[in-house]
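1. Show me how the following folds:
(2 chains)
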There are 2 protein chains.
Amino acid sequence: MKQETVEKWELFRELLQKIHGYGEAVALMNWDLRTGAPRKGAETRAATIGLLSTEAFKLQTSAEMGEYLAYLNQPSILNELDDVKRRMVLDVQEEYDRSVKIPPQKFREYTELTAHSETMWEDFKENSDFAGFEPYLTQIVEKTQEFIDYWGPKATRYDTLLHMYEPDLTVEKLDQVFGQLRNRLVPLVEAVAAAKNKPEAPFLDQLFDTGQQAKFSRLLLEQIGYDFEAGRIDETVHPFQTTLNHGDVRITTSYKQDDVTSAIFSSLHEGGHALYEQNVSPELAGSPLGQGTSMGIHESQSRFWENFVGRSLQFWQRYFGELQQHFPEQLKDVTPESFFRGINRVENSLIRIEADELTYNLHIIIRYEIEKLLFNEALPVSELPKVWNEKYRDYLGLTPPNDGLGVLQDVHWSGGLFGYFPSYALGNMYAAQIANTLRKELPQFEGFIADGNFLPIKEWLTDKIYKYGKSRKPSEIILAVTGEELNPDYLADYLEQKFKSIYGI
Amino acid sequence: MKQETVEKWELFRELLQKIHGYGEAVALMNWDLRTGAPRKGAETRAATIGLLSTEAFKLQTSAEMGEYLAYLNQPSILNELDDVKRRMVLDVQEEYDRSVKIPPQKFREYTELTAHSETMWEDFKENSDFAGFEPYLTQIVEKTQEFIDYWGPKATRYDTLLHMYEPDLTVEKLDQVFGQLRNRLVPLVEAVAAAKNKPEAPFLDQLFDTGQQAKFSRLLLEQIGYDFEAGRIDETVHPFQTTLNHGDVRITTSYKQDDVTSAIFSSLHEGGHALYEQNVSPELAGSPLGQGTSMGIHESQSRFWENFVGRSLQFWQRYFGELQQHFPEQLKDVTPESFFRGINRVENSLIRIEADELTYNLHIIIRYEIEKLLFNEALPVSELPKVWNEKYRDYLGLTPPNDGLGVLQDVHWSGGLFGYFPSYALGNMYAAQIANTLRKELPQFEGFIADGNFLPIKEWLTDKIYKYGKSRKPSEIILAVTGEELNPDYLADYLEQKFKSIYGI
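-> Numbering: from 1, shown residues only, chains lettered A, B, ... in the order given. Okay, the predicted model is just below:
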């Protein structure tokens, strides 16, 4: 690099580090609000979070940033940079363009609207009050439509939203993969529902001491290789993973006395997100590339550890004895096999977050289809409950008794998250496709699980995925790792094989 | 106020609020580092704290701030403002002047030096290595001397440092009150040492479950009126109180299995600091006046609740039964009176933080005299161990076996805190003087304690001290509350009365 480039690069990297510092402070303030900050300080805290987020946004869109990008993002200069640096410039440029296109006043209005709407949503959901929620959601959709105009619509208007969470993913591609997946899952769900030999799990309907649950969650996290010296686990109402900095990757879980499996699987789920973040290459730390590459690939890792590892027979052949030691009374007459069958019961449910591994994807497809209608077909918000209930009847054979258990169940839309839901199903598909390759390259995969030897699995994933952070796009990763594009058949194959065996069909 | 003043005032207040927001983030990041942030994230975290502190400092010394102050701090404009607003302007002006007088480069060097020195100190103390520490301390003293030149020396050079922690306090005044106090305490300490009838407390030399200790600390904090909805208690190696915002005033304590009294008194101590902060008038929140007025007055409140309430006979007549219920085995044959006597044993010790209520003040006077020598008499740093040991022999009849237990024992100097130590003894003197007035105005004071009825006491203190925050100077407060200036005789009277009674002399 010539001297001028070296200097600009240093300044650019310093500015990114500074933005990252603001991000760390904001992430900690949010984490703290959810893990036990006192109620009376919450209002001021929210204002402080707003203040520092705004400062970070100002830096991201500053004249200074514009100047560095104008210099670094010239073909002749990009050629001087190595691959990672080049990608960093392009990634920052994309975020910069997206941000500067929105007039600050519009952005502020939108932020205030969604913050307020997210708070109001809890009550509307509680009271099944869609009429109350409708004006908020209508405004959020309108403003999002405006944003799409500022950003410039892609192939369809909804494509613009999808792209934010999963770069280069299109409606065309999703229509195809979700169509294919739906066609294979709907008959499988029906066959499972009609099966004679259904697993039963009365032993799960007991009370389990939450202190013992916490010990067991910790044990599992240590086993899969979560680094407690670079993270910590706390308890919150809704589990989440948050990265404060490269050496501080936290997770939370929720212990339910009447549901021993909830904390186990949410710990493995968030633990999967955390393994990804903890194993990004340190050279990317403090930059926008120092994190998972997309929502979909991130979710593939949480699902991989939760489902492909944590809900496997081999896993419970290894760990059921340990679980039994934590709950000798409750589990005294239970075998690893019956526990495995019990935690894999399939039951059509109205609520996405309570769904099993098989029907979960149908919940996502419904949301995807509705979001497309909203943005590409201008479906009025007022029609949402009707459309929602029709789709639940068609796909899952269930009709919500009220909107609280229906269209109001998820927080996402109240916060303006449109185009995000597909990530969850993408995660499942990516996970199955990656697991398929992993089984070929590490034929002892199931043996490793049965031995509780997760290091080779974690190392393989680090080498293929984690270390790259956001320096490779999801489509590049999936192609490089598996040799092909996203293909939903791997998930369908996996689910068919697993649930046909469990249900004897 | 005329329109222009209204507008400037709004902008000024907004800028203060912004600085306060940075302060909240920094305070939370520090709190988190000490309550359980993972080790591997600590280095990045320290850099982020540095970054946001620097941003806050830039705002404090910004051209914008200079402009608002230049406008608001004119006699004609000050006249338009009410008393609180006027004091806010003057307070910010003073801080601004102090900050802008130091060249930024000098300030950065000093910050880096003290941060580094504070880290190194732990090892030097551990290894009793004064020779290793000496070059650091020499530099810190030199730079502090330079700062005194920038700020402009007051009556003496050391006065400039004192003033930062206790506005308007002077060497002249401190020489007088410390002299008076020393003259009364030294014979008292000697008489106590010669007493025949010494309290004994073998029951304290047992193990006490830390979970039970945590419950008891919580109980006491609830009793004295600490608002858990506007705070929380956590465990750290060294207890502290930190204010994140007006509704979020946190404390920490440390539970020692082999010392049941440690957590009790540190909880009451930090609880006292917290009561002060929680009860500052809300209209001062988010400004530099929304906090305790000085280190000395702050310390008077922690000492008041810890010693004047918590180490009183009445307190244990009320709470010993509760403590016994938490530790029925260990305390089964103990009476409230013998417990009270046990926790008030006096023993000359080498270590300040382990000192009893009586000898504690002598530890402070020693440090004060040494700091004066350093700054007013240019005592070379290399002489410190010799001077330290001489003074310990003269005042406490003890000679440290090594510098780790002597001159290296406190972290303060390694962080550049000179002029701070006197606050601790001021706290004791203020507390005694305030308690004397309180007893006159609330003659049932001791009865309230014996009944566990702390509300009238807390309300009296709120009305006389807490609500004003930093909008009144310590000298104004002490005069308004007690009708006279700082007078060390109240502390000497209190200690004489208490310890003569306990020791039967």
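2. Okay, buried residues for stretch A:45-63 please.
-> Across stretch A:45-63, burial judged by 16 or more other CB atoms under 10 Å in any protein chain shown covers A:45, A:48-57, A:59-61. From N, CA and C alone the C-beta is placed, and that goes for glycine too.
3. Can that stretch be said to contact chain B?
-> Yes. Counting by CB under 8 Å from any CB of the partner chain, chain B is contacted by stretch A:45-63 at A:Arg45, A:Ala47, A:Thr48, A:Leu51, A:Leu52, A:Glu55.
4. Now tell me what touches the helix or strand containing the fourth one from outside.
-> A:Leu51 belongs to helix A:42-60 when assigned by DSSP states H and E. With contacts defined as CB atoms under 8 Å, 6 or more residues apart in numbering or on different chains, helix A:42-60 is touched by A:15, A:18-19, A:22-23, A:25-26, A:29-30, A:32-33, A:37, A:65, A:95-96, A:99, A:107, A:111, A:115, B:18, B:21-22, B:24-25, B:55, B:244-248, B:285-286.
5. Pull out the buried members of these.
-> Buried members of the contacts of helix A:42-60, counted by 16+ other CB under 10 Å: A:15, A:18-19, A:22-23, A:25-26, A:29-30, A:32-33, A:37, A:65, A:95-96, A:107, A:115, B:18, B:21-22, B:24-25, B:55, B:244-248, B:285-286.
6. Look up how far A:Thr243 lies from the residue in the stretch 401-505 of chain A that chain B sits nearest to.
-> Nearest residue of the stretch 401-505 of chain A to chain B: A:Gly469, at 15.6 Å (CB to the nearest CB). Look at A:Gly469 and A:Thr243: by CB to CB, to the nearest Å, they are 11 Å apart.
7. Find the residues that touch each one of these two.
-> Shared contacts of A:Gly469 and A:Thr243, defined by CB under 8 Å, 6+ apart, comprise A:Gln291.
8. pretty sure A:Tyr110 contacts A:Glu142?
-> No. With contact defined as CB atoms under 8 Å, A:Tyr110 does not count as touching A:Glu142 (10.2 Å).
9. the more surrounded of those two?
-> Using other CB atoms under 10 Å in any protein chain shown as the criterion, A:Tyr110 and A:Glu142 rank with A:Tyr110 on top: 18 against 12.
10. Can you convert the residues of stretch A:45-63 next to chain B into CSV and add a column each for pLDDT?
-> Output for the residues of stretch A:45-63 next to chain B, formatted as CSV (pLDDT from 0 to 100):
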residue, pLDDT
A:Arg45, 94
A:Ala47, 91
A:Thr48, 94
A:Leu51, 92
A:Leu52, 95
A:Glu55, 94
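11. nearest to B:Leu220, of those?
-> Closest to B:Leu220 out of these is A:Arg45 (27.2 Å), distances taken as CB to CB.
12. Next one: the residue nearest the centre of chain A relative to A:Lys458, how far apart?
-> Closest to where the C-alpha atoms of chain A average out (CA atoms, centre = their mean) is A:Glu299, at 4.2 Å. Noted for A:Glu299: a distance of 18 Å to A:Lys458, by CB to CB.
13. give me the number of residues near A:Met295?
-> 21.
14. ok, A:Asn73 touching A:Arg87?
-> No. Shown here, A:Asn73 and A:Arg87 do not form a contact pair, counting by CB under 8 Å, at 11.6 Å.
15. Tell me which of these two has more neighbours.
-> Ranked by neighbour count (other CB under 10 Å), A:Asn73 and A:Arg87 place A:Arg87 first, with 21 against 16.
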